[in-house]
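# Fold the following for me, if possible:
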Amino acid sequence: MHTSAKVAVTYMCFFAGNTSESTLRVRKEEIWDNLDEQTKKTYGRVYLDEIYNNLVEQFKTFPDDLTPVVRAMRSGLLSKRPRERYPCGAGADVFTYVIGLLPVSWSDMILSAMSSIPKTSKPAELKKE
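All right, here's what the predicted structure looks like:
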């Protein structure tokens with residue numbers, strides 16, 4: 001079956017939008033409450049709290065204005081010839097271009113450095129070793 005559907009991806013790089021600390025806290029508690037006991041034991045509450053605290057700190061540096069995201073979505077939806085990607089934010093277009101050119105090991109290293117998981121944080125099971 002052949003369809004004429006087209007897909008465009010909008011990359012929201014580093015935008016906070018209407019995400020507040022209380023929203024993140026509620027979501028963190030929902031995630032923890034929905035985990036099975038084995039997963040809770042494997043990762044531990046401390047690991048989740050470390051990721052949450054790092055994410056809250058990162059969100060403080062992100063802009064709240066979602067106008068570039070809305071513009072990119074509007075362009076993607078209304079364009080006669082939409083692009084494949086619509087990176088949003090300062091430097092996002094250069095970033096997505098450069099990441100695609102780098103060797104995978106370098107890309108992984110850069111992306112892991114930008115991760116919301118702190119470098120010193122480890123799941124509970126790995127701390128036992």
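
# going forward, measure contacts between C-alpha atoms and count neighbours the same way
OK.

# Can you show me the helices along this protein?
Secondary structure of the chain, counting by DSSP state H: helices at 21-34, 37-59, 67-78, 92-101, 104-113, 124-127.

# which of the residues in the second one are buried?
Along helix 37-59, the positions that meet the burial threshold by neighbour count (16 or more other Cα atoms under 10 Å) are K40, Y43, G44, Y47, L48, E50, I51, Y52, N53, L55, V56, F59.

# Could you pull up the residues touching the fourth one?
Think Y47. Y47 makes contact with S121, K122, P123, A124, according to Cα atoms under 8 Å, 6 or more residues apart in numbering.

# Recalculate using a threshold of 10 Å.
K40, I117, P118, S121, K122, P123, A124 (Cα atoms under 10 Å, 6 or more residues apart in numbering).

# buried subset of those residues?
Buried residues within the contacts of Y47, defined by neighbour count using 16+ other Cα under 10 Å: K40, I117, P118, K122, P123, A124.

# what residues are up against the fourth one?
Contact partners of K122, counting by Cα under 10 Å, 6+ apart, are Y43, G44, V46, Y47, L48, E50, I51, K128.

# From the contacts of Y47, pick the one nearest G76.
Lowest distance from G76 to those (Cα to Cα) belongs to I117, with 31.5 Å.

# Now the closest one: closest residue in space that isn't a chain neighbour?
The spatially closest residue to I117, leaving aside those adjacent along the chain, is I51, at 5.2 Å (Cα to Cα, 6 or more residues apart in numbering).
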